[in-house]
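**Q** Predicted model, plus sequence, below.
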Amino acid sequence: MIALCVRNLTKTYKNFKLEIQELTLESGYIMALLGRNGAGKTTLIKCILDLVKKESGEVLIFEKPFNCDEVQIKQRLGVVLENPIVPGYLKPKEVKEIMKAFYKTWDDKLYKKLCDLFEIDQNKRIFQLSKGTVMKFSIALALSHRPDLLILDEPTSGLDPVARNQFVEILQEFVQSEEKAVFYSTHIVSDIENVADFVTIIDGGKIVFSSSRESIQDDYCIVKGAANEYDKIPKSAVLSLKKSTLSFEALCRKKDVKLSQDEFVIEKPSIEKFYVMLVRRDEDDEVLEVV
Ligand SMILES: Nc1ncnc2c1ncn2[C@@H]1O[C@H](COP(=O)(O)OP(=O)(O)OP(=O)(O)O)[C@@H](O)[C@H]1O
């Protein structure tokens, strides 16, 4: 089943336009959304969740428009926003009771397991919890009704490395069932190295890359060499170029470059390197669109 599908979506702010032609996530998979500050990740997530009004396009969740069956869809959706909206004067156990009343599939055992794992004190008021603990509480709430689709906006921001590790393990366990899908934005690329099945990168409001995580290493390479050798590389293969007077470093499509290892250093890009090369905007860099 297709858990999430976005088509021809546009949303304009004064100095920013989000234009997403197509984005699809099938159940059973995790898709990470990467992009620099201001790239449009939160705007995209808010458009998907109908929290801001899109100008055009469609968003399908479980193959249906959000507003066609909102209550039913919300039952199957777990959401964590960048700034979790939880009333500060309530205690976690009180918020839990409110959530439990709404979700038919609420699982108290799972809630307790997650809160114990994340060490969330049920008796403190939320405003007394640390920022990272509020995020962990928000993650526990989003998971405890066993949703089929998790949509998370920077869920690991503010989490310590141990909690980030626990979060990654929770996601992996979550998608063990083929009916579950996760779409989440992050700046912490190391968190997705082993967990994301698909990676989507947006830049300036547009998708510049969307494919499987493996394809980053299978289909692309980093070529390094002396600056005067750069002309030997077919320009059609180059997606991003960093050049100095002595040397160059280019992100290339593998299938379009047939180069000798004697003349050039050819490396597999890590996700982080691939992402940074694709979206960086240093002076004199050349960056081309992948899709
Ligand atoms: N309510 C708003 N009014 C005007 N402009 C907005 C509004 N919300 C977002 N923007 C602009 O839209 C652009 C995209 O912002 P968005 O929050 O989606 O980026 P982001 O990728 O989530 O960034 P970050 O990683 O910093 O959270 C930015 O230029 C931002 O200033």
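**A** Arrived safely.
**Q** What residues does the stretch 1-150 of the chain have near the ligand?
**A** Within the stretch 1-150 of the chain, the positions adjacent to the ligand are Tyr13, Lys14, Phe16, Gly35, Asn37, Gly38, Ala39, Gly40, Lys41, Thr42, Thr43 by C-beta under 6 Å from any ligand atom. Every residue, glycine included, has its C-beta placed from N, CA and C.
**Q** So which of these sit within helices?
**A** Members of those lying in helices (criterion: DSSP state H): Lys41, Thr42, Thr43.
**Q** List only buried entries from those residues.
**A** The neighbour count (16 or more other C-beta atoms under 10 Å) marks Lys41, Thr42, Thr43 as buried among those.
**Q** Present these as TSV; the columns should include pLDDT.
**A** Shown next, in TSV, are these (pLDDT from 0 to 100):
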residue	pLDDT
Lys41	96
Thr42	96
Thr43	97
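**Q** Any stretches of the stretch 151-291 of the chain with poor pLDDT?
**A** When residues are selected by pLDDT under 70, those of the stretch 151-291 of the chain lie in 281-291.
**Q** residue ranges of the strands in it, please?
**A** Per DSSP state E, counting those that start in this stretch, the stretch 151-291 of the chain carries strands over the ranges 181-185, 198-203, 206-212, 220-226, 238-243, 247-253, 265-267, 286-287.
**Q** Give me whichever of the ones you listed is most buried.
**A** strand 181-185 (a mean of 25; mean count of other C-beta atoms under 10 Å).
**Q** Centre of the chain to that one, how far?
**A** Computed by C-alpha atoms, centre = their mean, to the nearest Å, the chain-centroid distance of strand 181-185 equals 6 Å.
**Q** got the contact list for that strand?
**A** Defining contact as C-beta atoms under 8 Å, 6 or more residues apart in numbering, one finds that strand 181-185 is touched by 3-4, 25-35, 41-42, 45, 48, 148-155, 171, 174-175.
**Q** Then stretch 105-116?
**A** For stretch 105-116, using C-beta under 8 Å, 6+ apart, the contacting residues are 75, 92, 96, 99-100, 122, 137, 139-141, 143-146, 170.
**Q** do stretch 155-169 as well
**A** Contacts for stretch 155-169 (C-beta under 8 Å, 6+ apart): 80, 82, 117-118, 131-132, 135-136, 138-139, 184, 186-188, 191, 194-195.
**Q** Run the contact check for that stretch versus the ligand.
**A** No: Stretch 155-169 does not reach the ligand (C-beta under 6 Å from any ligand atom); its nearest approach is 8.6 Å.
**Q** what about that stretch, start to end distance?
**A** Terminal residues of stretch 155-169 lie 14 Å apart, using C-alpha to C-alpha, to the nearest Å.
**Q** Pull out the buried positions in it.
**A** For stretch 155-169, a neighbour-count test (16+ other C-beta under 10 Å) marks Pro155, Thr156, Ser157, Gly158, Leu159, Ala163, Arg164, Gln166, Phe167, Val168 as buried.
**Q** Same question for stretch 53-63.
**A** Lys54, Gly57, Val59, Leu60, Ile61, Phe62.
**Q** now the helices: where do they sit in the stretch 1-150 of the chain?
**A** In the stretch 1-150 of the chain, helices defined by DSSP state H, counting those that start in this stretch lie at 41-48, 70-75, 92-102, 108-117, 131-143, listed in chain order.
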